[in-house]
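Enquirer: Sequence below, structure please.
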Amino acid sequence: MEIPVIDLSMLETEKRSETMALLHQACQKWGFFMIENHGVDKELMDKMKLLTKMHYEETMKDSFYNSETAKSLDNNGYISKKDWESTFFISHRPNSNINDLNTLSQDLRKTMEEYIDQLIKLAEKLSKLMCENLGIEKNCIIEAFSGSKGPSVGTKVAMYPHCPRPELIRGLREHTDAGGIVLLLQDDQVPGLEFLKDGEWVKIPPSMNNRIFINTGDQIEILSNGTYRSALHRVMAMKDGDRLSIATFYNPSGDAIISPASELLLPSHVRFQDYLNHYSKTKFEDKGLRFQSLKNKANGHQGVLK
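Expert: Okay, here's the model as predicted:
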């Protein structure tokens, strides 16, 4: 099962329509995909991975292997309520806590801030492309996510250390992401991430060639009225190698109220007799067009019903 790979540079060529169709299908049928030629600086991405790996080795590794999670493998039973991960979280927008994390080097903080600035622009670009494909106003996602302070952006930095008994524990248990758009800078050597597609677990390969892995969260599924989906995923514990994951979440503000875009709702508050009157004139026409006429009327367009 081949994961969709979307070349964003094709949006500036005669292949734009084809690329937009591929993006729409990836969001609709998969809920996850890879992007390339996305505009994020490769050297910055490489530096992010290098510095976070150094941070893990210097400040997190020893404490993880001395943790209760690591020691619990000695019990020889399956561990269902813990994850085999060493992690920390950074808030970026609307307020940053990066300077409160005093174990982070100054170089890592500076690199992270530069990286996030570029990633926010990429998330906004993707959101506008999704809106275009959904047939809604291009800033709909940005505005819906903004609340009173603007979209919430944060990064979960995780290392999934090599595990001596991977059959006893998940790296990260099965879940969907609660928020909006997830942009994952992941390891280029060690696998482990898996997504559920059509009842089968799809193994996500390490990200080579400067690719960024994208998945959509629950709020995109809600806003798109189920057209786009959030997919169940997990991380498998691995016996060989440490897997790096730098997942940035472009999410709604905490006070944002998310609901389906009005353009995507089936006709609502329509009296059945009114529907029958419209149906009698359009019975042998496409049902989708009939629904669209009713949606347009509900959204305030005049002269739509025949």
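Enquirer: Could you use CA atoms for every contact and neighbour count after this?
Expert: Noted.
Enquirer: now the strands for the protein?
Expert: Using DSSP state E, the strands of the chain run over 5-7, 32-36, 86-93, 152-160, 170-175, 181-186, 193-197, 200-203, 212-216, 233-236, 243-251.
Enquirer: possible to save those strands as CSV with mean neighbour count and mean pLDDT?
Expert: Putting those into CSV (neighbours: other C-alpha atoms under 10 Å; pLDDT from 0 to 100) gives the following:
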stretch, mean neighbour count, mean pLDDT
strand 5-7, 18, 98
strand 32-36, 21, 97
strand 86-93, 17, 97
strand 152-160, 22, 98
strand 170-175, 19, 96
strand 181-186, 24, 97
strand 193-197, 19, 97
strand 200-203, 15, 96
strand 212-216, 23, 98
strand 233-236, 22, 97
strand 243-251, 24, 98
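Enquirer: In JSON lines: those strands, plus distance to F272.
Expert: Converted to JSON lines, the strands of the chain look like this (distance: least, C-alpha to C-alpha, whole Å):
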{"stretch": "strand 5-7", "distance to F272": "44"}
{"stretch": "strand 32-36", "distance to F272": "39"}
{"stretch": "strand 86-93", "distance to F272": "46"}
{"stretch": "strand 152-160", "distance to F272": "42"}
{"stretch": "strand 170-175", "distance to F272": "40"}
{"stretch": "strand 181-186", "distance to F272": "38"}
{"stretch": "strand 193-197", "distance to F272": "38"}
{"stretch": "strand 200-203", "distance to F272": "41"}
{"stretch": "strand 212-216", "distance to F272": "36"}
{"stretch": "strand 233-236", "distance to F272": "42"}
{"stretch": "strand 243-251", "distance to F272": "38"}
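Enquirer: Where do the helices of the stretch 1-150 of the chain begin and end?
Expert: With DSSP state H, counting those that start in this stretch as the criterion, the stretch 1-150 of the chain has helices at 16-25, 42-55, 61-65, 68-71, 106-134, 140-146.
Enquirer: Can you tell me which of these is most buried?
Expert: Mean neighbours per residue, mean count of other C-alpha atoms under 10 Å, is largest over these for helix 140-146, with a mean of 20.
Enquirer: picking up where we left off before, and the helices of the stretch 1-150 of the chain: which comes nearest I6?
Expert: helix 16-25 (6.8 Å; C-alpha to C-alpha).
Enquirer: what about the chain, any weak spots by pLDDT?
Expert: 298-306 (pLDDT under 70).
Enquirer: Grab the most central residue of it for me.
Expert: Geometric centre of the chain, nearest residue: V182, 2.6 Å, by C-alpha atoms, centre = their mean.
Enquirer: Give the full set of residues in contact with S259.
Expert: Counting by C-alpha atoms under 8 Å, 6 or more residues apart in numbering, S259 makes contact with I222, L223, N225.
Enquirer: Could you export these as TSV, including neighbour count?
Expert: Putting the contacts of S259 into TSV (neighbours: other C-alpha atoms under 10 Å) gives the following:
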residue	neighbour count
I222	18
L223	22
N225	18
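Enquirer: Out of the residues you listed, which comes closest to L44?
Expert: Nearest to L44 among the contacts of S259, with distances taken as C-alpha to C-alpha, is L223, at 32.3 Å.
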